[in-house]
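S.K.: Build me a model:
(one chain, ligands or ions: 1)
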Amino acid sequence: MLRFETAGESHGECLVATLTGLPAGIPVSLETINHELWRRQQGYGRGGRMKIETDTVEIVSGVRHSKTIGSPIAMIIRNADWKNWTDVLPVEDIEGGEDKKKPVTRPRPGHADLAGAIKYDFHDARYILERASARETTARVAVGALAKTYLRQFGVEVLSHVIGVGPVRMERDATWDEIAALSQKKDVLLGCVDQETEARMKEAVDVAYRTGDTIGAIFEVRAHGVPVGLGSHITWDSRLDGRLAQAIVSMQAVKGVEVGCAEEQATSYGSKVQDTIHYDKAERRFFRGANKAGGLEGGMTNGSDLYVRGFLKPISTLRRPLESVDLETREASLAAYERSDVCVAPAAGVIGEAMVAIVLAQAFAEKFGGDSLRETKRNVDSYLLQVREF
Ligand SMILES: Cc1cc2nc3c(=O)[nH]c(=O)nc-3n(C[C@H](O)[C@H](O)[C@H](O)COP(=O)(O)O)c2cc1C
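M.R.: Residues are numbered from 1 along each chain as shown. Have a look, this model is predicted:
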């Protein structure tokens, strides 16, 4: 079983991730992981934090001579901003520590502040937001980079693009090649493959900037080269669609998920939105008339490209703060403001890629097992032969 865990606070020393269960022999490149971390920091609409941090990973166990050795992989990503927070969030109490805190007593509607403060019994939401913050996803992206590397050994690639920002929606499907070209860009704007749509998306973000507001978005994650038969219909928790949905909605600010064209399917007649089945006798293979199911039927991959969409609510820290109540005085007051993002669309897409890659890698490891890459490859090849002979 492939398991991962993350630790770390937004303004703490570092973020930590462990990943257990990757077979030995997977090639690992720090540059590849760092490139994914860089991609997570890009995009129009990000706040000042992204200018402070240039995330780089340190691997402290599980990889030797650029290959996994089968033992748990532990990774650290240091927070450059920590130097400004050593007195605010010390591990051990310090002299005059009370005065050095930066308490957050005016909870932000939509953030974890109020529910977390009540639940964990703090009158300072600082300790809640430090962990609720999406800075945590830096660690997920590092794990996701390893999951992607594992999947790549078997020809599976995972990428994303942005299909909606506020009221602006991309009206056509993007091709895999367009999404692949987008992922190579050095200057990331809003992560949309269509320039004209992206320009309108930027205008929508500019309105949010001008008015001290924030704006929601929709990203789509695609996986290419996925073999038929990952996940299963047999139990509720082995269904891959359900596992992907959980992974995507577990992301901060993601409030909805769509597997394939769920919305279109729910508002259509069945005859219009099922992917008809055909057979190419010369090639001896099944193929589909369309891919509205997003590559998933009965909780299993069906061999078509997999796609899932994440629906992001607007960020809850507003420069023009909303009504709230002070936790100390219980007087009405405006919510706290701390340097914040206005739109996180392309970054969320990159995090979504990581989550999809992790879930796919888990399903892959379950199906094919193997303690070494060579063993897993043998198992995959023999299954693919069986599929071809079906
Ligand atoms: C990439 C990314 C960046 C984010 N940046 C911020 C931010 O700067 N300020 C903020 O208030 N929320 C930000 N969020 C969202 C909050 O972390 C999230 O709304 C909060 O933890 C409450 O969780 P919930 O929205 O999932 O209920 C970000 C989310 C993502 C995915």
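
S.K.: Report the mean per-residue pLDDT for the helix or strand containing Glu220.
M.R.: Counting by DSSP states H and E, the element that carries Glu220 is strand 217-224. The average pLDDT for strand 217-224 rounds to 98.

S.K.: Give me the residues contacting that strand.
M.R.: Defining contact as CB atoms under 8 Å, 6 or more residues apart in numbering, one finds that strand 217-224 is touched by 151, 156-166, 169, 174, 176, 179, 191, 248, 295, 305-312, 343-346, 348-349, 352-353, 355-357, 360. Glycine gets a C-beta too; all of them are placed from N, C-alpha and C.

S.K.: Of those residues, which belong to helices?
M.R.: Cross-referencing the contacts of strand 217-224 against helices under DSSP state H gives 151, 176, 179, 248, 345-346, 348-349, 352-353, 355-357, 360.

S.K.: returning to that earlier point: give me the contact status of the strand holding Glu220 with the ligand.
M.R.: No - Strand 217-224 does not reach the ligand (CB under 6 Å from any ligand atom); its nearest approach is 9.7 Å.

S.K.: Return the list of strands paired to that strand, each annotated with direction.
M.R.: Here strand 217-224 has these sheet partners by DSSP bridges: strand 157-165 (antiparallel), strand 306-312 (antiparallel).

S.K.: Compute the distance between Glu203 and the ligand, please.
M.R.: As judged by CB to the nearest ligand atom, to the nearest Å, Glu203 and the ligand stand 21 Å apart.

S.K.: Show me what from this structure comes close to the ligand.
M.R.: Within the chain, the positions near the ligand by CB under 6 Å from any ligand atom are 47, 111-112, 132-134, 137, 251-253, 313, 315-317, 340-341, 344, 347-348, 351.

S.K.: Report the separation between Glu53 and Val16.
M.R.: When CB to CB, to the nearest Å is applied, the distance between Glu53 and Val16 equals 16 Å.

S.K.: what do you get for His111?
M.R.: Distance of His111 to Val16, computed by CB to CB: 23 Å.

S.K.: So which of those two has more stuff around it?
M.R.: His111 (22 against 17; other CB atoms under 10 Å).

S.K.: Confirm the more buried one sits in a helix?
M.R.: No - the assignment for His111 (DSSP: H, G, I helix; E, B strand; the rest coil) gives coil, which keeps it out of a helix.

S.K.: Quick check: it touching Lys313?
M.R.: No - the pair formed by His111 and Lys313 falls short of the contact definition of CB atoms under 8 Å, at 10.9 Å.

S.K.: Now for the residue nearest to Pro167 when sequence neighbours are not counted, which secondary structure element holds it?
M.R.: Spatial nearest neighbour of Pro167, chain neighbours left out: Ala204 (6.5 Å); criterion: CB to CB, 6 or more residues apart in numbering. According to DSSP H and E, Ala204 maps onto helix 195-210.

S.K.: Quick one: residues contacting the closest residue to the ligand within the stretch 1-150 of the chain.
M.R.: In the stretch 1-150 of the chain, the residue that lies nearest the ligand is Ala134 (3.3 Å; CB to the nearest ligand atom). By CB under 8 Å, 6+ apart, Ala134 lies in contact with Met251, Gln252, Ala253, Val344, Ile351.

S.K.: Can you name the residues that contact the third one?
M.R.: Think Ala253. Ala134, Leu312, Lys313, Ile315, Ser316, Val344, Ala348.

S.K.: Backbone dihedrals for the fifth one, please?
M.R.: Note on Ser316: its backbone torsions stand at phi -90, psi -10 [degrees, to the nearest 10].

S.K.: how about the helices in the chain?
M.R.: So, for the chain - with DSSP H - the helices run 30-40, 49-52, 97-100, 113-120, 126-132, 137-152, 176-183, 195-210, 240-249, 262-266, 270-273, 345-368, 373-389.

S.K.: Can you tell me which of these has the worst average pLDDT?
M.R.: Among the helices of the chain, helix 49-52 carries the lowest mean pLDDT, at a mean of 70.

S.K.: Please spell out the ChimeraX selection for the buried subset of the contacts of Ala134.
M.R.: Only the buried entries of those go into this ChimeraX selection, using 16 or more other CB atoms under 10 Å:
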select :251,252,253,344,351
